[in-house]
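Peer 1: turn this into a structure:
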Amino acid sequence: MKKTGILNQPLSAVVAGLGHTDQLVVSDAGLPIPDGPQRIDLAVTGGLPPFLEVLQAILSEMAVERAIVAEEIRTRSPQMHAALLAALGAVPVEYVPHEQFKVQTRAARAIVRTGEFTPYANVILVAGVTF
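Peer 2: As a prediction, the model looks like this:
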């Protein structure tokens, strides 16, 4: 049994298996999940687990070269936007319209669904390298 880090087996396996430029989506409870990417559904109830806590756990183990978010988060959920930017730190962020964001999720290796009910609390993490 793992003692630290991500304990959820499917999530741990996906993060460990990512290669350079692979995409992993962390989503709110409402993002439509297309056929194709693996669905890792962590949602238990509204707000549980929170988007930011799941994101922070993933960021502690994943090399991220850039992130993609829906531009609507800036005006519809400005507090979540600020918290997301703080969590990402120096990771460059690209903004796209939400409809384009949803299309882009089709190329993800997996989509991690949280219990978050904040609109547009979604991010595509693009895997980087550690060297």
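Peer 1: and stretch 108-120, what's its mean pLDDT?
Peer 2: Mean pLDDT, stretch 108-120: 98.
Peer 1: gap between the two ends of stretch 115-129?
Peer 2: End-to-end span of stretch 115-129 (CA to CA, to the nearest Å): 29 Å.
Peer 1: which positions in that stretch come out as buried?
Peer 2: 115, 116, 117, 118, 120, 121, 122, 123, 124, 125, 126, 127 (16 or more other CB atoms under 10 Å). All C-beta atoms are positioned from the backbone trio N, CA, C, and that covers glycine.
Peer 1: surely the fifth one and residue 75 touch.
Peer 2: Okay, so that is residue 120. No. Look at residue 120 against residue 75 with CB atoms under 8 Å: they stay out of range, at 9.2 Å.
Peer 1: among the buried residues of stretch 115-129, name the ones in strands.
Peer 2: Applying DSSP state E to the buried residues of stretch 115-129, the entries found in strands are 123, 124, 125, 126, 127.
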